[in-house]
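S.K.: sequence first, then the predicted structure:
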Amino acid sequence: MPASHPVVPAGFPAHLCRWQQLVAPAWVAGLLADTPIAAAPAASWRLLEVGYGTRDAFLRDHIPQADYLDTTELEQAPVWNKVPDDALLRLLLGHGIRHDTTVILYSRDALAAARAAQLMLYAGVGDVRLLDGGYAGWRRLGLPVACGAAQRCRPAIDFGTDFPARPEYLTDMHGARQLLHQAGGTLVSIRTWKEFIGATSGYSYIPACGGIAGARWGHAGAGDDVNSMSAFQHPDGTMRAAGGIARRWAANSIGPERNTVFYCGTGWRASLAFFYAWLMAWPNISVYDGGWCEWSRDPDNPVICRIAASGDATAD
């Protein structure tokens, strides 16, 4: 007898194993209105807008009951790795977040919210949800907005479990080096094709062009736009079908049976790829936090500039 499949409520992405974690604007609106909704938070919840230097925009308009989290509180120069664990813990507690708090994240740039989501999963928050389509999707539907200061809450006293609870979700440079020598390991570059082959670094503050030798291309956006994730998202910022994403990865021998570590320039695009793979319940995934920014600074690291080797700037 075939195994039964869970019935996914209307409005949720049925193509995902963790369908509850990718929520639509209407679901968030129902939560705010305190009306019955599918997959409602089991306990307390927090709604946060995540941005990089966008507090003024938040003050002008935002989703009601939202708090604001700036990515400068999550990561630090010069390579934009996450802040130390003790600082990350203080930040989460300050926003009233424990391991058993449902956290709903959105942003004006989907990558900012994905960066926060990935680090919260690393920390051990068990129920992290991402607003599919971000703030633009909320505004497109004409849903209510608020203005003024963030909705602050009482800080949490403790996280309630070990911190970080999922350290395997982040990989450092030493771990990335080791992965290149593991038969079942895959380092996946979530960068544009031009970045991957070394035609551009993609960033004004990253001088080196090229990529990590041995990494596989995991796609990102088209052209030169390092903020685009068009291989993973529709033009409206909602997630493409998981099957299509998985097939694109499989074409480059990237799959759930392997130990997969995503990287990009500094972690944002890799975090979105990680979150989508997590939604698909891939069992062994991580983000190489330092990415090309950190890797390219160490002359002992193996790098490759494919355009210099072949002169071919066409994506395969």
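M.R.: Sure thing, it's come through.
S.K.: now for the residue lying closest to A199 once chain neighbours are set aside, how many residues are close by?
M.R.: Closest residue to A199 apart from its sequence neighbours, by C-beta to C-beta, 6 or more residues apart in numbering: I307 at 5.0 Å. Glycine gets a C-beta too; all of them are placed from N, C-alpha and C. By other C-beta atoms under 10 Å, the residues close to I307 number 17.
S.K.: ok, now I212?
M.R.: By other C-beta under 10 Å, the residues close to I212 number 24.
S.K.: what's the answer for the one 3 residues further on, then?
M.R.: Counted by other C-beta under 10 Å, the residues lying close to A215 total 26.
S.K.: what does D100 give?
M.R.: D100: 16 surrounding residues under other C-beta under 10 Å.
S.K.: do I have it right that it meets G124?
M.R.: No: assessed by C-beta atoms under 8 Å, D100 is found out of contact with G124, at 9.6 Å.
S.K.: quick one: the helices in the protein?
M.R.: Taking DSSP state H as the test, the helices found in the chain are 25-32, 55-60, 85-94, 110-123, 134-140, 173-179, 193-197, 242-250, 268-279, 291-295, 306-310.
S.K.: least confident of these, on average?
M.R.: Among the helices of the chain, helix 306-310 carries the lowest mean pLDDT, a mean of 63.
S.K.: quick one, what contacts the nearest residue to P64 once chain neighbours are set aside?
M.R.: Once flanking residues are discounted, P64 sits nearest to A146: 4.3 Å by C-beta to C-beta, 6+ apart. A146 makes contacts with 61-66, as judged by C-beta atoms under 8 Å, 6 or more residues apart in numbering.
S.K.: returning to that earlier point: shared neighbours of D100 and G124, anything?
M.R.: By C-beta under 8 Å, 6+ apart, no residue touches both D100 and G124.
S.K.: now do the strands in the stretch 101-250 of the chain.
M.R.: 102-107, 127-131, 170-171, 185-189, 211-212, 216-217 (DSSP state E, counting those that start in this stretch).
S.K.: which one of these lies closest to V303?
M.R.: Shortest distance between V303 and the strands of the stretch 101-250 of the chain, using C-beta to C-beta, is found for strand 211-212: 6.5 Å.
S.K.: which elements pack onto that closest one?
M.R.: strand 185-189, helix 193-197, helix 291-295, strand 303-304 (3 or more C-beta pairs under 8 Å, 6 or more residues apart in numbering; DSSP states H and E).
S.K.: those into CSV, with extra columns for mean neighbour count and distance to V261?
M.R.: Output for these, formatted as CSV (neighbours: other C-beta atoms under 10 Å; distance: least, C-beta to C-beta, whole Å):
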stretch, mean neighbour count, distance to V261
strand 185-189, 24, 5
helix 193-197, 23, 16
helix 291-295, 26, 11
strand 303-304, 17, 17
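S.K.: nearest to V79, out of these?
M.R.: In terms of C-beta to C-beta, the element of the helices and strands packed on strand 211-212 nearest to V79 is helix 291-295, at 4.3 Å.
S.K.: roughly how far is that closest one from the heart of the chain?
M.R.: In terms of C-alpha atoms, centre = their mean, to the nearest Å, the centre of helix 291-295 is found 17 Å from the chain centre.
S.K.: using CSV, list the CA coordinates for it.
M.R.: Output in CSV follows, covering the C-alpha atoms of helix 291-295 (Å, rounded to 0.1, in the frame of the first residue of the first chain):
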residue,chain,number,x,y,z
GLY,A,291,32.5,32.7,0.8
TRP,A,292,34.6,34.1,-2.1
CYS,A,293,35.4,37.3,-0.1
GLU,A,294,37.2,35.3,2.6
TRP,A,295,38.6,32.5,0.4
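S.K.: which outside residues touch that helix?
M.R.: By C-beta under 8 Å, 6+ apart, the list of residues contacting helix 291-295 from outside reads 78-81, 173, 176, 189, 191, 195, 201-203, 205-206, 208, 211-212, 263-267, 270, 288, 301, 303.
S.K.: and Q76, how close does it get to P25?
M.R.: With the distance defined as C-beta to C-beta, to the nearest Å, Q76 ends up 32 Å from P25.
S.K.: what of F12?
M.R.: Separation of F12 from P25 (C-beta to C-beta): 13 Å.
S.K.: the two - which one has more neighbours?
M.R.: Neighbour tally, F12 and P25, criterion other C-beta under 10 Å: the higher count belongs to P25, 23 against 18.
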